[in-house]
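**Student:** Based on what follows, work out the 3D shape:
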Amino acid sequence: MKRIALALTALTAVTIAIAPASHAAIDFDELRRENLEKDAVNFDELRRENLDKDAVETIQVKAIDFDELRRENLDKDAVNFDELRRENLDKDAAYEVAAIDFDELRRENLDKDAVDFDELRRENLDKDAVYEVVAAIDFDELRQENLEKDAVA
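**Tutor:** So this is what the prediction gives:
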């Protein structure tokens with residue numbers, strides 16, 4: 001019964017809310033005519049006038065000639081990067097990177113009493129620094145114990 005009463009109440013509330021809105025539907029054409037009678041701006045008429053005046057013009061973009069701009073800049077004593085590049089190539093500005101001999105650097109560092117990580121590693125392995133897991137966990141046994149203690153299954 002409560003459900004039926006709640007459903008009827010909800011239906012009544014919705015009907016009350018919608019009824020005034022359906023009777024008060026806005027007539028935009030009527031509003032438009034009223035505004036035009038009050039000397040409001042007639043956008044339709046303005047649009048037609050602008051179209052008659054050919055208000056929309058085609059804009060033409062001139063293509064940019066970068067070669068011409070480059071020549072003009074060179075005539076104005078701008079930096080000629082092509083010429084600079086050629087000069088640098090002629091001067092053999094590209095240097096070769098010498099290969100680094102890391103083994104030689106390592107020996108030099110060991111001679112300077114640097115830390116010998118290889119020796120440290122061997123010492124740690126000799127001390128049995130790697131530990132094994134002693135007790136394996138039996139999860140089935142733990143689960144059974146928890147079930148016996150009335151834990152959530």
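
**Student:** rest of the way, CA atoms for contacts and neighbours
**Tutor:** Will do.

**Student:** Kindly state the pLDDT recorded for N88?
**Tutor:** You'll see N88 listed with a pLDDT of 82.

**Student:** And T58, by the same measure?
**Tutor:** Reported pLDDT for T58: 59.

**Student:** Please read off the pLDDT at P20 from the model.
**Tutor:** 62.

**Student:** hmm, I was thinking of V97
**Tutor:** 60.

**Student:** What's the first helix or strand after the helix or strand where D103 lies?
**Tutor:** If you go by DSSP states H and E, D103 is part of helix 102-111. Using DSSP H and E, the helix or strand that follows helix 102-111 in sequence is helix 117-126.

**Student:** Give me the distance between the helix or strand just after that next one and the centre of its chain.
**Tutor:** Remark: after helix 117-126, the chain's next helix or strand is helix 139-148, criterion DSSP H and E. Relative to its parent chain, helix 139-148 has a centroid offset of 48 Å by Cα atoms, centre = their mean, to the nearest Å.

**Student:** tell me which residues of helix 139-148 are tucked away?
**Tutor:** By neighbour count on 16 or more other Cα atoms under 10 Å, the buried set for helix 139-148 is empty.

**Student:** could you measure the residue lying farthest from the centre of the chain against V14, distance?
**Tutor:** Distance from the centre of the chain peaks at M1, with 55.3 Å (Cα atoms, centre = their mean). To V14, M1 is 20 Å away according to Cα to Cα, to the nearest Å.

**Student:** now R85, what's its secondary structure?
**Tutor:** On the three-state scheme (DSSP: H, G, I helix; E, B strand; the rest coil), R85 is labelled helix.

**Student:** scratch that, I64 is what I was asking about
**Tutor:** coil.

**Student:** per-residue pLDDT, it?
**Tutor:** pLDDT recorded at I64 is 84.

**Student:** One more: A135?
**Tutor:** 57.

**Student:** Check E49 too.
**Tutor:** 85.

**Student:** Pull the number of nearby residues for it.
**Tutor:** Other residues near E49 come to 12 when the count uses other Cα atoms under 10 Å.

**Student:** what's the longest helix in this structure?
**Tutor:** When the chain is parsed with DSSP state H, its longest helix is helix 2-23.
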